[in-house]
Structures are given as structure tokens and as C-alpha cells.
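> sequence first, predicted model second:
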Amino acid sequence: MGYVLGFIFFILAFLVISIILLQEGKGGGLAGMGGAATDSVMGAKNPLRRWTVYLFVLFVIVMLGTNYYITSQNEASIDGGLTVDKETLKKATEPKAEEAAKVETTSVLSDVKEAEKETKEAIKAAEAKLAEEKIAAEKALKEAEDAKKAEETAKKEAEALKAKADAEIKAKEEAAAAKIAADKKAEEEKIAAEKLKAQEAEAKIKADIAATEAKAKANEEAERQRVAAEDAKLAQEAKDAAAKIEAAAKAAADKVEDVAKDAANTAVDTKDAAAKELDKLTK
């Protein structure tokens, strides 16, 4: 029976130490037992702490039962066969059992305090690490925000540069189109001026031909009148008629020449206007 109680005693001691080490270490536990601390532990909502109290109470009960079992033995062997009565054995073993229980309790409480101390240190280290991680996270978040702002600024600048480049390209395209239109118009005006010049030359040639023909006809008519007139009167009349025809031909030639000059002046004015318009478009 004594071995069984001893085995149960050590099992309970191991369980008590283990369950204390498993706690979070936020105060209470077996280190706070006694008075208001005991009430706080008993009223805690954490099941692990309640089981700690239950196991510790069971541990004390088994310890006291083991002590009672040892002191309840009726006889004990002393020096190879001597026996003492129950009262003497109780007096001899009770102080040692109480001292052992006190030592064991003190050891358990010391382990509990040490575990609680280590737990608090671990919590402090975890809190410090958490604070460092929080600072690092805030720093990383700030850097990300700065990077995002820089990216947005760069994007806006890129969009502005793109808009400016598009405007420049559009302006160049419009200028090129305007230059092409001006060149086309100048070419058309040049062709028109050359055509007008050709028409003027053709008109002049026709006028010269007409004048020549008129003069030839006038000469021929004068000659015919002169040959046909046998007397002076007829000759004079023929001469007068020839003079009249010549005057008419000269007048016609002068008129044609005036028309040709007017056409030439018009062509020159048209050419000057086209040149001015081209210079204006080029500027």
C-alpha cells in the first residue's frame, strides 16, 4: 500500500509541475495561493488554472494520506527486531513527514515561482519582439505609402510628358498638313499662272497673225485698188481706202496689243499675289 501511495504521490507531483509550466504566467497560479490570491485563482475563467488548484489540493490530500499511512503502522523494526508501539512510531515519524512535506511544498512553490518568472520574462521578450515587429511594420507601411505616392507622382509626370509629346506631335502634323496644303495651293497657282501666261502668249500670237493678215489684206486691197484704178482719182481713192484699212488694221493691232498687255499685267499681279500667299503660309 505504501508503494502505491508513493507512486500516486510522485505522479501527482509531476502533473502539478507540468500543468504549472503550461500556464501563461499572467499572475496567480500556485505562487499566489493564500488569502485573496487563492480567491482570484479559484475564480479564474481559465480551466487550466482551475485544474492546477484541483491537482494541488489532491496532491496535498495524497501527501497527508501517505503521512497518515506511515504513522498508522502499529510496529516498526529497530536494530534487528526491537518493536515500538504506535504512539512512539508516530512521534518519531511525524516530524520527518511534516518536514518532508514542507520541503516538497517549498520545492514545488519554488518551481512554480521560477516557472512564473520565466513565463513573465518570455512574455516581456515576446512583447518587446512584438513592439519591434510593429515598428518595423509601421516603417514598412510608411515606406510603401511613400513608394505609392512617388509612383503616383511619376505616373502623373509621365502622363503630362505624354500629353505634351502628343500635343507636339499633333502640332507638327498640323504644320506639315498646312505646309502640304500651302505647297499644293502654290503649285496650283503656279500652274494657273503658267496657263494664263501660255494663254497670253497664244493671244499675242493670234493678234500678231491677225494684224499680219489684216495688213496683208490691206496691202493686197491697196495694190488691187491701185492696179485697178487707171486714173489718178481711182488711185487716190484706192490710196485713201488703203490708208483707212491700214489705220483700221493698226487700230485693231493696237487693241490686240492692249488686250495682251492687260492680260500680261493680270498674270503678273496673280503671280505676285500667289507668291505673297505662299510666303505668308510658309511663315
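Okay, I see it.

> please tell me how far the most far-flung residue of the chain relative to its centre sits from residue 241.
Largest separation from the mean C-alpha position in the chain: residue 231, at 117.1 Å (Cα atoms, centre = their mean). When distance is defined by Cβ to Cβ, to the nearest Å, residue 231 is 15 Å away from residue 241. The way it works is simple: take the backbone N, C-alpha and C, and place the C-beta from them, glycine included.

> over to residue 141?
Taking Cβ to Cβ as the criterion, residue 141 is separated from residue 241 by 119 Å.

> same question for residue 261.
Shown here: residue 261 relative to residue 241, a distance of 30 Å by Cβ to Cβ.

> neighbour count winner among those two?
More neighbours surround residue 241 than the other of residue 261 and residue 241, with 16 against 12 (other Cβ atoms under 10 Å).

> wait, that one touches residue 219, no?
No. Here residue 241 does not reach residue 219: they are 12.0 Å apart, not a contact under Cβ atoms under 8 Å.

> go ahead and confirm residue 63 touches residue 6.
No. Here residue 63 lies out of contact with residue 6, judged by Cβ under 8 Å, at a distance of 10.5 Å.

> and these two? which has more neighbours close in?
Between residue 63 and residue 6, counted using other Cβ under 10 Å, residue 63 has the larger neighbour count: 20 against 14.

> mind telling me what element the more buried one is part of?
helix 47-71 (DSSP states H and E).

> list the buried residues for that helix?
Within helix 47-71, the residues scored as buried using 16 or more other Cβ atoms under 10 Å are 49, 52-53, 55-56, 59, 62-63, 66-67, 70-71.

> ok, stretch 219-238 next?
By neighbour count on 16+ other Cβ under 10 Å, the buried set for stretch 219-238 is 222, 225-226, 229, 238.

> format the buried residues of helix 47-71 as CSV; extra columns: distance to residue 169.
Written out in CSV, the entries for those read as follows (distance: Cβ to Cβ, whole Å):
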residue, distance to residue 169
49, 78
52, 81
53, 85
55, 85
56, 87
59, 90
62, 95
63, 96
66, 100
67, 103
70, 106
71, 109
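
> with respect to residue 211, which of those residues is nearest?
The shortest approach to residue 211 among the buried residues of helix 47-71 belongs to residue 49, at 138.7 Å (Cβ to Cβ).

> any idea how far residue 21 is from that closest one?
In terms of Cβ to Cβ, residue 49 sits 13 Å off from residue 21.

> which stretch of helix or strand covers the nearest residue to residue 241 once chain neighbours are set aside?
Nearest-residue entry for residue 241: residue 225, 5.7 Å, with adjacent residues in sequence omitted and distances by Cβ to Cβ, 6 or more residues apart in numbering. Secondary structure assignment for residue 225, by DSSP H and E: helix 86-228.
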